[in-house]
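Visitor: pasting the structure only:
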RNA sequence: GGCCCCAUCGUCUAACGGUUAGGACAGCAGGUUCUCAUCCUGCAAAUCCGGGUUCGAUUCCCGGUGGGGUCACCA
């Protein structure tokens, strides 16, 4: 932590349908920083492009953040299942702030920092084409910058649609990026960026500066793709006479081929991983430690540890390929540490509702599952005995007769043992019995496994007995013994 | 192409200028074992290249190379 100041950070996604895990990472970093300093984390919706916005997009963002257990303190939030706004800096949805942007655009116009541009799209396409042919940088030629007041007046009265462009001054801008250090950009490289579109909506550049200032954001955390447009934002802050926030541009998340993580090469929505049965805790841990490791000596960190240990300066500069195999591993790690009861609660979302006496099934299956969905499937498979081929009951070098005898003996033992409170004790005890009886472990345990689960791959027979209970165990033994009658 | 960013095992990463370059995932080989999974042990695997600065460079500087981003009335 390099400051005692309370940070106000924000996550400002567009409602385009999916909450990209790269977005989740910037949201997480912003959240960690705010929480660490006792500040506020806000959620603002950047819906200035009507074409890209999607129905339910806002709900999806809010809901997915909620599922990840990242609750904004301010801005667009979910309350009792409804999307609403809290805070005194609203509205927090840019499409509802149009008059605010218009007002500031007028100010820039009045100060000569911006100008109206009446050029048609056709003309823009034309000059771009010419510039490309001449191998020049495609840039607006400032045709409208020098228009006289009379000309402007004439266009306005004729209702010619126009945009408002930033008049980029000469000079240089230096970005003091928390992660990357100082970066200098020459204004000559820059275009007179459109600030207000013909439809009266602001562009991202206009809206982000106005909002971050008005909402008193202290540190802007966003993806690296914004680095090269930051000088425009710096210029705007200067023109408005505002102090710019700190900037931190985090590296991109990459596909296996090192291109920008994209839909084409797999799922990129956080909600998709939640839907697949990854735990929110594991997903948060995994995404947060992509390009960042607080201590370097371990992989698993609780959310609170991440909040306490987060440091923007420790965020890597290079892009990170997302290794989903590691997510599998991490999810397993988290599932191992969770109780059967807790996991059962989480599996409600996957259609499995268990009674407390069934939590044992979860305990004995969790080591085998990668996701909650897997786990639910595995548990479901144990809940009822499937039809199985009786020949499976026979251990390798044994025969049906022997299998039947073994099951009878096992049934006798289980019946005599009674209720099992501690699995380890039962296992120890039964193993001892097997030994004193002079039985081959595989010879008796294999038929037990099949009889109790109907499957070749399952938890151990001891675990199965423990979870099924004496009554169901004896019933399944009985079924198996009967199925062996008449086979050899 | 211009501008900008970046560069440690296959992947994610750790290493005040001095370490046998550490850990994790994946891989491989063993062990435990009634199956699978877990678990345990071990193996293999990296400082992009070339110059400098320095007694000493993964670390600092320069140049290459490679990768990425960005150049819209999209964010």
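Guide: Arrived safely, thanks for sending. What you are looking at is a predicted structure, and each value in this text was computed from that prediction instead of being measured. Residues are numbered from 1 along each chain as shown, chains lettered A, B, ... in the order given.

Visitor: my hunch is that residue A:274 is in a helix, does that hold up?
Guide: Yes. Assignment of residue A:274 by DSSP: H, G, I helix; E, B strand; the rest coil places it within a helix.

Visitor: Quick one: residues contacting the closest residue to it other than its chain neighbours.
Guide: Excluding its sequence neighbours, the residue lying closest to residue A:274 (Cβ to Cβ, 6 or more residues apart in numbering) is residue A:67, at 5.3 Å. For every residue, glycine as well, the C-beta is placed using N, CA and C. Going by Cβ atoms under 8 Å, 6 or more residues apart in numbering, residue A:67 touches A:271, A:274, A:280.

Visitor: what helix or strand does the first one sit in?
Guide: Think residue A:271. According to DSSP states H and E, residue A:271 maps onto helix A:270-275.

Visitor: Dump the contacts of residue A:67 into a markdown table; add pLDDT as well.
Guide: What follows is these, written out as a markdown table (pLDDT from 0 to 100):
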| residue | pLDDT |
| --- | --- |
| A:271 | 95 |
| A:274 | 96 |
| A:280 | 97 |
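
Visitor: For those, give me CSV that also has distance to RNA strand B and neighbour count.
Guide: Below are the contacts of residue A:67 laid out as CSV (distance: Cβ to the nearest atom of the strand, whole Å; neighbours: other Cβ atoms under 10 Å):
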residue, distance to RNA strand B, neighbour count
A:271, 18, 20
A:274, 20, 18
A:280, 19, 19
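
Visitor: between those, which is nearest residue A:135?
Guide: Residue A:135 lies nearest to residue A:271 out of the contacts of residue A:67, by Cβ to Cβ, at 44.6 Å.

Visitor: From residue A:272, how far off is the closest residue in space to the closest one that isn't next to it in sequence?
Guide: Take residue A:271 and drop its neighbours on the chain: the residue closest to it by Cβ to Cβ, 6+ apart is residue A:64, 4.6 Å away. For residue A:64, the distance to residue A:272 equals 10 Å [Cβ to Cβ, to the nearest Å].

Visitor: These two: which is more packed in?
Guide: residue A:64 (22 against 15; other Cβ atoms under 10 Å).

Visitor: re earlier: who's in contact with the helix holding residue A:271?
Guide: If you take Cβ under 8 Å, 6+ apart as the criterion, helix A:270-275 is touched by A:18-21, A:23-24, A:60, A:63-64, A:67-68, A:267, A:280, A:283, A:287, A:327.

Visitor: Among the residues you listed, name the buried ones.
Guide: Among those, the ones that count as buried by 16 or more other Cβ atoms under 10 Å are A:18-21, A:23-24, A:60, A:63-64, A:67-68, A:280, A:283, A:287, A:327.

Visitor: My guess is residue A:191 contacts residue A:139. True?
Guide: Yes. Using Cβ atoms under 8 Å, residue A:191 makes contact with residue A:139 at a distance of 4.7 Å.

Visitor: Could you list every helix and strand that the following helix or strand past the helix holding residue A:271 packs against?
Guide: On the C-terminal side of helix A:270-275, the closest following helix or strand by DSSP H and E is helix A:280-288. The contact analysis (3 or more Cβ pairs under 8 Å, 6 or more residues apart in numbering; DSSP states H and E) places helix A:280-288 against helix A:21-36, helix A:270-275, helix A:303-309, helix A:324-337.

Visitor: and with 10 Å instead?
Guide: Helix A:280-288 sits against helix A:21-36, helix A:57-67, helix A:270-275, helix A:303-309, helix A:324-337, with contacts defined as 3 or more Cβ pairs under 10 Å, 6 or more residues apart in numbering; DSSP states H and E.

Visitor: angle of the longest one against helix A:57-67?
Guide: Relative orientation of helix A:21-36 versus helix A:57-67 (axes from the mean of the first three to the mean of the last three Cα atoms, to 10 degrees): 60 degrees.

Visitor: Could you tell me the angle between helix A:21-36 and helix A:324-337?
Guide: Using the same axes, to 10 degrees: helix A:21-36 against helix A:324-337 is 50 degrees.

Visitor: Give the buried residues for the lengthiest helix in chain A.
Guide: Ranked by residue count, the top helix of chain A under DSSP state H comes out as helix A:461-484. For helix A:461-484, burial by neighbour count (16+ other Cβ under 10 Å) applies to A:461-470, A:473-474, A:476-477, A:479-481, A:483-484.

Visitor: about what we covered before: check the contact lists of residue A:191 and residue A:139 and give me the overlap.
Guide: residue A:168 (Cβ atoms under 10 Å, 6 or more residues apart in numbering).

Visitor: where exactly do the strands run in chain A?
Guide: A:8-11, A:40-43, A:74-79, A:82-86, A:114-117, A:163-166, A:172-177, A:181-186, A:194-196, A:219-223, A:246-250, A:253-254, A:320-321 (DSSP state E).

Visitor: Hmm, residue A:311 is touching residue A:37, no?
Guide: No. If you go by Cβ atoms under 10 Å, residue A:311 and residue A:37 don't touch, sitting 11.9 Å apart.

Visitor: Those two - which one has more neighbours?
Guide: Legend: neighbour count by other Cβ under 10 Å for residue A:311 and residue A:37, higher for residue A:37 (19 against 14).

Visitor: Find the nearest non-adjacent residue to that one, please.
Guide: Closest to residue A:37 by Cβ to Cβ, 6+ apart is residue A:7, at 4.5 Å.

Visitor: Same question for residue A:276.
Guide: residue A:371 is the one closest to residue A:276 (Cβ to Cβ, 6+ apart), at 5.7 Å.

Visitor: The one you found contacts residue A:277, doesn't it?
Guide: Yes. With contact defined as Cβ under 10 Å, residue A:371 counts as touching residue A:277 (3.3 Å).

Visitor: The residue nearest to residue A:276: how many residues sit nearby?
Guide: Around residue A:371 there are 21 residues (other Cβ under 10 Å).

Visitor: quick one, what contacts it?
Guide: Taking Cβ under 10 Å, 6+ apart as the test, what residue A:371 contacts is A:273, A:275-279, A:282, A:327-328, A:331-332, A:335, A:350, A:377.
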